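Engineer: the following block contains a protein sequence and its predicted model.
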Amino acid sequence: MPTRIFYLIHGRELQESRVADRLQERGAEILWCSHRDGDPLPDALTEFDAVVVGGGAHSVNEAARYAYLARELAWVRRVVEAGTPYLGICLGAQLLGAAFGASVGPRPDRRAECGYHPIEALPAGAALFAGLDHAYSFHYEGVELPAGAAALARSPLYPNHAFRIGRHAYGLQFHPDCRPDLMARWCALSPETLARPGAQSLAEQLGLAATLDPPMSRWLDRFLDLWLGAPNEAAAAAMRHRYAADAAL
């Protein structure tokens with residue numbers, strides 16, 4: 001699997017991620033970048049093997065106000081057009097869609113998906129999303145499907161919950177990167193999301209995590225196998241240990 005992963009975050013306080021955990025478990029080196037805070041985006045795309053772009057507080061529709069978002073939109077398109085494996089999570093998915101001409105915006109009723117919400121596989125994502133019926137989300141905007149993209153999964157409120165451009169660029173509106181121990185921090189960082197209609201309280205999220213987080217955790221391992229290739233033996237052993245612990249619950 002790729003060994004150098006460029007991980008673009010939107011705030012140094014977000015430099016913690018289950019996706020990064022699993023990649024490091026597989027032997028990858030994480031190259032963190034908070035471009036919002038002044039870290040430069042690399043010009044040479046050969047410096048890394050894959051890209052992960054996480055969530056953030058601002059909307060892609062604010063690119064005229066926040067220059068870092070405009071730069072990220074152009075950079076994301078370069079990455080994907082170069083064929084570099086790309087994983088966009090929440091804002092990262094919206095950046096992917098917008099970079100290829102899709103619109104992003106909130107629902108007219110202002111409803112959010114904050115907490116564990118249903119997710120349904122679409123035909124192109126039937127194998128990938130088998131066994132995952134709820135996912136952890138933290139957003140109140142959705143992205144339209146970019147031209148030529150494959151729709152993989154939807155939720156009752158947001159029809160494009162996961163999509164793919166080409167073979168290796170994925171956009172996920174939900175958050176496999178959020179471990180349950182990070183939920184309180186995220187809620188404190190974004191109280192406006194927590195206050196929107198449809199959002200679950202922190203107590204509800206933590207209560208649901210006991211049963212709904214393990215399937216999402218297992219899903220992440222399967223996704224990384226598909227996206228970047230089979231894990232090394234140490235990672236495979238760690239996965240077996242996790243699955244045994246889940247089965248004992």
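Structural biologist: Nice, thanks for sending it over.
Engineer: please make it C-alpha for all contacts and neighbour counts, starting now.
Structural biologist: Fine.
Engineer: for Leu212, give its distance to Leu132.
Structural biologist: Leu212 is 9 Å from Leu132, where distance means CA to CA, to the nearest Å.
Engineer: cool, Glu62 as well?
Structural biologist: On the measure of CA to CA, Glu62 and Leu132 end up 33 Å apart.
Engineer: what of Arg22?
Structural biologist: 18 Å.
Engineer: separation between Val52 and Thr193?
Structural biologist: Val52 sits at a distance of 23 Å from Thr193 (criterion: CA to CA).
Engineer: buried stuff in whichever helix or strand Met183 is part of?
Structural biologist: Using DSSP states H and E, Met183 sits in helix 183-189. Neighbour counts over helix 183-189 (16 or more other CA atoms under 10 Å) mark Met183, Trp186, Cys187 as buried.
Engineer: ok, the last one touching Leu202?
Structural biologist: This means Cys187. Yes - because the distance of 7.1 Å satisfies CA atoms under 8 Å, Cys187 is recorded as touching Leu202.
Engineer: show me the contacts for Tyr86.
Structural biologist: By CA atoms under 8 Å, 6 or more residues apart in numbering, Tyr86 lies in contact with Ala50, Val51, Val52, Val53, Val79, Val80, His168, Ala169, Tyr170.
Engineer: mind picking the two most distant members of the residues you listed?
Structural biologist: Using CA to CA, these reach their maximum pairwise distance at Val53 and His168, which is 13.8 Å.
Engineer: so the two - more neighbours on which side?
Structural biologist: More crowded of Val53 and His168, by other CA atoms under 10 Å: Val53, with 24 against 16.
Engineer: how close does the more buried one sit to Ala199?
Structural biologist: Using CA to CA, one gets 24 Å for the distance from Val53 to Ala199.
Engineer: before we move on, the earlier item: now, the contacts of Tyr86 that are in helices?
Structural biologist: With helices identified by DSSP state H, the entries of the contacts of Tyr86 that belong to them are Val79, Val80.
Engineer: ok, so of the contacts of Tyr86, who is nearest Ala126?
Structural biologist: Out of these, the member with the shortest distance to Ala126 (by CA to CA) is Tyr170, at 15.1 Å.
Engineer: give the bridge partners for the closest one, please.
Structural biologist: Under DSSP bridges, the beta-bridge partners of Tyr170 are Leu87, Arg164.
Engineer: quick one, what contacts it?
Structural biologist: By CA under 8 Å, 6+ apart, the neighbours of Tyr170 are Tyr86, Leu87, Gly88, Ala93, Ala162, Phe163, Arg164.
Engineer: go again using 6 Å as the cut-off
Structural biologist: Tyr170 makes contact with Leu87, Phe163, Arg164 under the criterion CA atoms under 6 Å, 6 or more residues apart in numbering.
Engineer: what residue lies at the spatial centre of the chain?
Structural biologist: For the chain, the residue nearest the mean C-alpha position is Ile89 (2.1 Å; CA atoms, centre = their mean).
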